[in-house]
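Undergrad: Sequence and computational prediction follow.
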Amino acid sequence: MRNAGPRFQSKQRIDYLIHSLKEFRDNQRSGADTLMAAAIFGASDAELVALAHYAASK
């Protein structure tokens, strides 16, 4: 059974991930994944940067 949580594509550029995460958090992404938006709701910019670095390393 697949995990129903939000997923990242591995090995993305960090700047792209940060930009995308901010768009999800701020509800500015067209066709936004509501699971992703809910998962990062209220996250600070610093937390999104840390998350992007972690995701890019996988």
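TA: Arrived safely. Numbers count the residues shown, from 1 in each chain.
Undergrad: Okay, buried residues for the helix or strand hosting L51 please.
TA: Assigned by DSSP states H and E, L51 falls within helix 45-56. Neighbour counts over helix 45-56 (16 or more other Cβ atoms under 10 Å) mark L48, V49, L51, A52, A55, A56 as buried. (C-beta placed from N, C-alpha, C; glycine too.)
Undergrad: repeat for stretch 21-33
TA: L21, K22, F24, R25, R29.
Undergrad: show me the contacts for the residue nearest in space to the middle of the chain.
TA: The C-alpha lying nearest the average C-alpha coordinate of the chain belongs to L21 (Cα atoms, centre = their mean; 3.8 Å). Shown in contact with L21 (Cβ atoms under 8 Å, 6 or more residues apart in numbering): I40, A43, L48, L51, A52.
Undergrad: do you know how far it is from D45?
TA: 9 Å (Cβ to Cβ, to the nearest Å).
Undergrad: Kindly report the same for M36.
TA: 16 Å.
Undergrad: measure the closest residue to E47 other than its chain neighbours to D15 for me?
TA: In space, E47 comes closest to I40 once its chain neighbours are excluded; the distance is 7.9 Å by Cβ to Cβ, 6 or more residues apart in numbering. Noted for I40: a distance of 17 Å to D15, by Cβ to Cβ.
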